[in-house]
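K.L.:
With the sequence up front, the predicted model follows.
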Amino acid sequence: MIVLGIESSCDDTAAAVLAGRTVRASVVASQDAVHHKYGGIVPELASRSHIRAVIPVIDRALDQAGVTLGDVEGIAVTTGPGLIGSLLVGLSVAKAIAFSRRLPLVGVNHLEGHLLSPQLDDEVPFPYLVLLVSGGHTSLYWATALGRYQCLGMTRDDAAGEAFDKVAKILGLGYPGGRVIDELARSGQREAIRFPRARLKPGRSPRSFDFSFSGLKTAVWQYVREQQPSGAAAAAVAASFQEAVVDMLVETTLAAARQVGATRLVVAGGVAANSRLRQRVLAAGAEFGLAAHLPPLRYCTDNAAMIAYAGGCRLELGQRDEWTLNAAADLEL
Ligand code: KG4
Ligand code: ZN
């Protein structure tokens, strides 16, 4: 089945064409240049940029796939979670195309897209544990089958990527900050500063493996305000901060893996690009007998191929959504 996927939940406008599991085209238009000077995403600017980009991005995906709308057999679109104005742009376009072409339409939860993203690279058999780490999410899911995902933990405050972005802003490095911190950290000593690692006791929720990054962020902010680091000292802050984040992510993930008896681990989301996290996940996998899957970055960061894949699985089962399909900023999985 040829599926057109559309994704606009945050600050990337994306469209992809899939034939089954084969990605025929995956186009992503980044808005980094729009938000860079504000040090974070400005929702109203994100919506307006999606409006300008969405049709050209879909056209480019169809062109690259060598198909026309006449060849498309179904449409999959992200309906949440995300910025509501951004989501509505993709959803409106998806509905318009589906209605005018009489095509089946399915809404996809963005998180399910991430959880299934490793399937685009390789057939990863269920069950597997997923550490989803992006600018918007930091969660652990136990994926046992298509549509069966148990949330084992999530962040109680900032997402890991958000913490990277905020620390980059504190150090005056611009947005998005993850890649810059990663690069700066290479020349810094990771044992230089002992920033706090939050170890959470299970709360009232049934989830036992939550994360928290706000205390760490505040500790970095205080350190930078007092010490005014630059040059090698700033690199030490970056490396020590990054090590604290990676410690928390890896420790909690391993504890969750032990609890559910996982033998496979997937790391997805923009922070999966982090070189130190990748190194530590591969080492921990080798040490504890976990097959670690780190999908290529183009499928880790936001993209529409993962949405087309998740939606395509539903469409092939004959599932469809109605024209009343709506977006929800806080859509749960
Ligand atoms: O998945 P993504 O593209 O978008 C969201 O859904 O949020 O993730 C973007 C996040 C940003 O916070 C960015 O700073 C972070 O991923 N990121 C990184 C790296 N590359 C991107 N964080 C740490 N190290 C990196 N190399
Ligand atoms: Zn995402």
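P.N.:
Perfect, I can see it now. Numbers count the residues shown, from 1 in each chain. Ligands and ions are numbered 1, 2, ... in the order given.

K.L.:
For the nearest residue to residue 333 once chain neighbours are set aside, give its distance to ligand 1.
P.N.:
Leaving out its chain neighbours, the residue that sits closest to residue 333 by C-beta to C-beta, 6 or more residues apart in numbering is residue 111, at 4.7 Å. C-beta coordinates here come from the backbone N, C-alpha and C atoms, glycine included. Going from residue 111 to ligand 1 by C-beta to the nearest ligand atom, to the nearest Å gives 10 Å.

K.L.:
which residues touch residue 111?
P.N.:
Shown in contact with residue 111 (C-beta atoms under 8 Å, 6 or more residues apart in numbering): 81, 132, 137, 139, 141, 149, 333.

K.L.:
So which of these belong to strands?
P.N.:
132, 139, 141, 149 (DSSP state E).

K.L.:
filter those by proximity to ligand 1?
P.N.:
By C-beta under 6 Å from any ligand atom, no member of those lies near ligand 1.

K.L.:
List just the nearest of those to ligand 1.
P.N.:
residue 132 (8.7 Å; C-beta to the nearest ligand atom).

K.L.:
doesn't residue 142 make contact with that closest one?
P.N.:
No. With contact defined as C-beta atoms under 8 Å, residue 132 does not reach residue 142; the gap is 11.9 Å.

K.L.:
neighbour count winner among those two?
P.N.:
Between residue 132 and residue 142, counting by other C-beta atoms under 10 Å, residue 132 is the more crowded of the two (25 against 20).

K.L.:
can you pull up the bridge partners for the more buried one?
P.N.:
Beta-bridge pairing of residue 132, defined through DSSP bridges, involves residue 139, residue 268.

K.L.:
could you show me where the helices are in the stretch 51-200 of the chain, in order?
P.N.:
Shown for the stretch 51-200 of the chain, the helices assigned by DSSP state H, counting those that start in this stretch span residues 84-101, 110-116, 160-170, 178-185.

K.L.:
give me every residue that touches the residue in the stretch 201-333 of the chain that ligand 1 sits nearest to.
P.N.:
Residue of the stretch 201-333 of the chain nearest ligand 1, by C-beta to the nearest ligand atom: residue 270 (2.1 Å). When contacts are counted by C-beta under 8 Å, 6+ apart, residue 270 touches 133-135, 161, 176, 178, 300-302.

K.L.:
redo that, cut-off 10 Å
P.N.:
Shown in contact with residue 270 (C-beta atoms under 10 Å, 6 or more residues apart in numbering): 12, 133-137, 159-161, 164-165, 176, 178-179, 297, 300-302.

K.L.:
what does residue 106 give?
P.N.:
The neighbours of residue 106, taking C-beta under 10 Å, 6+ apart as the test, are 3, 5, 74-77, 79, 94, 98, 307, 310-315, 317, 319-321, 325.

K.L.:
For it, name its beta-bridge partners.
P.N.:
With DSSP bridges as the criterion, residue 106 is bridged to residue 76.

K.L.:
Let me see the confidence value for it.
P.N.:
With respect to pLDDT, residue 106 scores 98.

K.L.:
now swap in residue 175 and tell me
P.N.:
Predicted confidence (pLDDT) for residue 175: 78.

K.L.:
so it touches residue 38, yeah?
P.N.:
Yes. Taking C-beta atoms under 10 Å as the definition, residue 175 is a contact partner of residue 38 at 7.3 Å.

K.L.:
if I pick the residue of the stretch 1-150 of the chain found nearest ligand 2, what's in contact with it?
P.N.:
Closest approach between the stretch 1-150 of the chain and ligand 2, counting by C-beta to the ion: residue 134, at 4.6 Å. Contact analysis of residue 134 by C-beta under 10 Å, 6+ apart lists 10, 110-111, 114, 159-162, 178, 268-272, 300-302.

K.L.:
Contacting ligand 2 as well, which ones from these?
P.N.:
With C-beta under 5 Å from the ion as the criterion, these include residue 302 near ligand 2.

K.L.:
Any of the contacts of residue 134 buried? List them.
P.N.:
Among the contacts of residue 134, those buried by neighbour count (16 or more other C-beta atoms under 10 Å) are 10, 110-111, 114, 159-162, 178, 268-272, 300-302.

K.L.:
centroid residue for the chain?
P.N.:
Geometric centre of the chain, nearest residue: residue 269, 3.1 Å, by C-alpha atoms, centre = their mean.

K.L.:
Pretty sure that residue sits against residue 118.
P.N.:
No. Counting by C-beta under 10 Å, residue 269 sits too far from residue 118 to count as a contact (11.7 Å).

K.L.:
Mind listing the shared neighbours of these two?
P.N.:
130, 300.

K.L.:
what residues does the chain put near ligand 2?
P.N.:
134, 302.

K.L.:
Poorly predicted segments of the chain, please.
P.N.:
Filtered on pLDDT under 70, the chain yields the residue ranges 202-206.

K.L.:
can you pull out the strands in it?
P.N.:
Under DSSP E, the chain gives strands at 2-7, 12-19, 22-30, 74-80, 105-109, 128-133, 138-145, 148-154, 264-268, 291-293.
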